[in-house]
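> Need coordinates for the following:
(chains A and B)
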Amino acid sequence: MSLDHIVSVTIGGLTVGMIYALIALGYTMVYGVLKFINFAHGEVFTVGGYVAAFTLLAVGVDADSSPLMLAGALVAALAVAVLVPMVLGFVIERIAYRPLRGRSRIIPLLSAIGVSIALQQLIILIFGSKPVTIPTLELSSASVGLFGVRIRVLALVIIAVSALLMVGLTYLVKSTRIGKAMRATSQDMEAAEMMGIDTNRTIAFTFLVGSALAGIGGLLVVMYYGSLKYDAGFLYGLKAFTAAVLGGIGNIPGAVVGAIVLGMTETYGVSVDLGFLAWFVLAGLVLGLYVQMVHVPRQRVGHISPDRRTPEYEQSIVNVYRLTPYHGVRVLMAERTDALLSVSAAHAMRLMMGNVFLAAVAAYMFVNASARIDTRWQPVIAFAVLMVILMFRPSGILGEAITEKV
Amino acid sequence: MGSVLELQDVSMSFGGLKAVDTLSFTVEENEIVSIIGPNGSGKTTTFNLISGLYEPHSGDILLKGESIAGLRADVVHDKGISRTFQSLRLFTNMSVMENVLVGMHSVTSGGVVASMLRLPNVRREERAMREKAQEILDMFPGRFSGPRQSQPAYSLSYANRRRLEIARALASDPALLLLDEPVAGMNPAESHEVMEQIKLLREKGYTILMIEHDMHVVEGVSDRVIAMDHGVKIAEGTYDEVANDPQVVEAYLGKRAADATA
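Residues are numbered from 1 along each chain as shown, chains lettered A, B, ... in the order given. Okay, here's the model as predicted:
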């Protein structure tokens, strides 16, 4: 594992992470105000990419186009990639979600899945089922040297553009009048209404912003990979949704953090050799042992009420926790130390098995240090990471909207 | 000069239950009117009808002679009715200052593009808004001073949350202010302070309709008192008239007690 490899993998992970983030923001913003997952959002992204690609094809750009024509075509593509998804998002909200607002939560969810399927078929009907491919442009294949590695300029552009959009969005939500209305609506829609906020308009605006970001994501993906398939929105949407949950659904910085974590894990997971990854597994093992043996017991001992605190009692609690940190939490609540001790053996066994398993995985990886994970495992790695993180932090890395909203 | 608020035979039922039954009353300019009544007598439903959360099944609600029955809650707010809530409904994750600024939503106009670009007129409006919010927060001396303004509303004490609800409702300079149990859960000293503040609001020219259980406060501030029971207005008049009305005594204490006092 050399430095230039790390640089190029990091830039690659950051690039896909930023694209996930652009889509994830739409999921998380809509969840923030409506408390439901807009499953049609992935298709809004696909439509953005398609209309951008067809605009480029219609203008007829190719590798020999003059810079002026290229710039014009890109501006036009950007305009349609923003406007068409915006209109689409607005219409979806108006006809498929608004009439169902206030019903039980499963109903708009079903509607969203229906819209998603309908849109996918509509894309096939309008654009055909073959992937749309744009001609290779000098712009999208150009590269620069960075720390001795060739990096695609476009990757840097994607990272910069996305970061800029996110800063703008943060400002919009934090400091503008409509942003305050969005936050108020997401906390208490009825109260917001009675404070003079037109919540219908605010929700429509949320869909407009989310869809525009997804549309820009679509354009960037088409530029970066050169082609897009009609069902691309499914996997991108799912991953962006994952990123939103990973960061804490409804939390805007959370979506960005979740997306970057996801992009990095995916890219690192399949781009580096097992010997490199093994260090991560070892780090996980050490961290797990630290939490189990030191952190949790210390924390729990602090929770013993002062009148019961004797050195012997503290020591027994520490011992119990070292053996059964997770089960013990619940049992101590009831202050049933004897019950705790009776379950400890089985539980300690299970925890030990977990550590032995991690150690075995690390050992296997070191033995096969030069091997790599097949790229087809990429989504699996992403979801494994999701599961592990959510096991320890059920509300996501930065917490859910309910506890910390921005 | 007509009444600020006029309810004409307003009725509202949930299922078979008449929550509000042919209710009529008026609130005049710069007056403080209190609605009292046992729990479940339809007071909060009346507030929800006035503030546009519910649409009355029959009857009409007039604000300065203009019908507002059936309008959306945000439109009603634009027309000049602002309220507080019995069960506090602050935007708890937003700061104290932001809560007041949200209360001004309907009286400001900053468009999206203009505010993203920070055009001069937006900045001017923002400055004016903050100054005005500051003025309103200063009406509660010592409660929302300095750094406390940028703290999230959830960090406030219970009494301060109640105060902040009033501040948020005042932010839009309402023609009619609805206070839903403004001193609920407060200790006597705090209640007294809020009572003085409500009197101050009258001096500033506000018109207030208030639901309150604390009879000390009702007696202290009300120009007029309306008593409700089972959705019906059972008495109206000065505090003393209403407090001694046999029907009101009966509603609160039962029939035997009413007979004993009669």
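
> I figured A:Lys35 was touching A:Arg105, is that so?
Yes - counting by CB atoms under 8 Å, A:Lys35 does reach A:Arg105; the two are 7.1 Å apart. C-beta: built from backbone N, CA, C; applies to glycine.

> secondary structure class for the spatially most central residue of chain A?
With distances taken as CA atoms, centre = their mean, the residue of chain A nearest its centroid is A:Ala243 (1.2 Å). Secondary structure state of A:Ala243, per DSSP: H, G, I helix; E, B strand; the rest coil, is helix.

> Might you report the residue contacts of residue 105?
Looking at chain A here, since you left the chain open. A:Lys35, A:Phe36 (CB atoms under 8 Å, 6 or more residues apart in numbering or on different chains).

> Actually, chain B is the one I wanted.
Per CB under 8 Å, 6+ apart, neighbours of B:His105: A:Arg177, A:Lys180, A:Ala181, A:Ala184, A:Met195, A:Gly196, A:Ile197, B:Ser172.

> cool, B:Gly237 as well?
Applying CB under 8 Å, 6+ apart to B:Gly237 gives the contacts B:Arg224, B:Val225, B:Asp245.

> If you rank the residues you listed by neighbours, which is first?
Within the contacts of B:Gly237, most neighbours by other CB atoms under 10 Å in any protein chain shown means B:Val225, with 26 neighbours.

> Which parts of the chain belong to which domain?
Using chain A here. Domain assignment for chain A by automatic domain parsing gives A:3-272, A:275-371.

> think we crossed wires, I meant chain B
If you go by automatic domain parsing, chain B breaks into B:1-80+B:174-262, B:91-173.

> so the residue nearest to the centre of chain A makes contact with A:Leu22?
No - counting by CB under 8 Å, A:Ala243 does not reach A:Leu22; the two are 10.3 Å apart.

> circling back: let me know which of the domains of chain A is tucked in deepest.
domain A:3-272 (a mean of 20; mean count of other CB atoms under 10 Å in any protein chain shown).

> That domain spans what distance, first to last residue?
Terminal residues of domain A:3-272 are spaced 12 Å apart (CA to CA, to the nearest Å).

> Averaged pLDDT, the host helix or strand of B:Lys199. What do you get?
Per DSSP states H and E, B:Lys199 falls inside helix B:188-203. For helix B:188-203, the mean per-residue pLDDT is 92.

> in it, what's buried?
Residues of helix B:188-203 classed as buried under the neighbour-count rule (16 or more other CB atoms under 10 Å in any protein chain shown) are B:Glu190, B:Ser191, B:Glu193, B:Val194, B:Met195, B:Gln197, B:Ile198, B:Leu201.

> and it, how far from the chain's centre?
14 Å (CA atoms, centre = their mean, to the nearest Å).

> The buried residues of helix B:188-203 into CSV, with extra columns for distance to B:Ile234?
What follows is those, written out as CSV (distance: CB to CB, whole Å):
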residue, distance to B:Ile234
B:Glu190, 30
B:Ser191, 25
B:Glu193, 31
B:Val194, 27
B:Met195, 25
B:Gln197, 29
B:Ile198, 24
B:Leu201, 28
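
> what subset of the residues you listed is also close to chain A?
Among the buried residues of helix B:188-203, no residue is within reach of chain A (CB under 8 Å from any CB of the partner chain).

> closest point of chain A to chain B, which residue?
Closest to chain B within chain A is A:Gly196: 3.2 Å, counting by CB to the nearest CB.

> Contact partners for that residue?
B:Asp74, B:His77, B:Asp78, B:Ser82, B:Gly103, B:His105, B:Ser106, B:Val107, B:Ser172.

> so can I have JSON lines of the residues you listed showing pLDDT and secondary structure?
Converted to JSON lines, those look like this (pLDDT from 0 to 100; DSSP: H, G, I helix; E, B strand; the rest coil):
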{"residue": "B:Asp74", "pLDDT": "93", "secondary structure": "helix"}
{"residue": "B:His77", "pLDDT": "94", "secondary structure": "helix"}
{"residue": "B:Asp78", "pLDDT": "92", "secondary structure": "helix"}
{"residue": "B:Ser82", "pLDDT": "95", "secondary structure": "strand"}
{"residue": "B:Gly103", "pLDDT": "91", "secondary structure": "helix"}
{"residue": "B:His105", "pLDDT": "86", "secondary structure": "helix"}
{"residue": "B:Ser106", "pLDDT": "80", "secondary structure": "helix"}
{"residue": "B:Val107", "pLDDT": "78", "secondary structure": "helix"}
{"residue": "B:Ser172", "pLDDT": "91", "secondary structure": "coil"}
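
> mean confidence for stretch A:130-138?
pLDDT averaged over stretch A:130-138 gives 86.

> centroid residue for chain B?
Centre-nearest of chain B using CA atoms, centre = their mean is B:Leu178, 1.8 Å out.

> where's the residue nearest to that one when sequence neighbours are not counted relative to A:Gly196, distance?
Leaving out its chain neighbours, the residue that sits closest to B:Leu178 by CB to CB, 6 or more residues apart in numbering or on different chains is B:Arg83, at 3.7 Å. Applying CB to CB, to the nearest Å, one obtains 11 Å for the distance of B:Arg83 from A:Gly196.

> cool, and A:Glu190?
In terms of CB to CB, A:Glu190 sits 13 Å off from A:Gly196.

> Wait, B:Glu219 touches B:Glu241, no?
No - B:Glu219 lies out of contact with B:Glu241 (CB under 8 Å); the separation is 11.9 Å.

> show me where chain B has helices.
For chain B, helices defined by DSSP state H occupy the ranges B:43-50, B:73-79, B:96-103, B:112-117, B:120-138, B:158-170, B:188-203, B:215-221, B:239-243, B:246-253, B:255-261.

> Give me the contact list for the helix or strand hosting A:Ala384.
Using DSSP H and E, A:Ala384 sits in helix A:378-392. If you take CB under 8 Å, 6+ apart as the criterion, helix A:378-392 is touched by A:235, A:239, A:242, A:245-246, A:261-262, A:265-266, A:269-270, A:373, A:396-397.

> now, the most widely separated pair of those residues?
The two members of the contacts of helix A:378-392 with the most space between them (CB to CB) are A:Ile373 and A:Gly396, at 25.5 Å.

> More neighbours: those two, which one.
It is A:Gly396, of A:Ile373 and A:Gly396, that has more neighbours when counted by other CB under 10 Å, with 25 against 18.

> That one touches A:Gly250, doesn't it?
No - A:Gly396 lies out of contact with A:Gly250 (CB under 8 Å); the separation is 9.1 Å.

> Low-confidence stretches in the stretch 251-400 of chain A?
A:292, A:296-297, A:299-301, A:303-304, A:317, A:319-351, A:400 (pLDDT under 70).

> Quick one: low-confidence residue ranges for the stretch 151-262 of chain B.
B:258, B:261-262.

> Up against chain A, what does it have?
Residues of the stretch 151-262 of chain B lying near chain A (CB under 8 Å from any CB): B:Arg168, B:Ser172.
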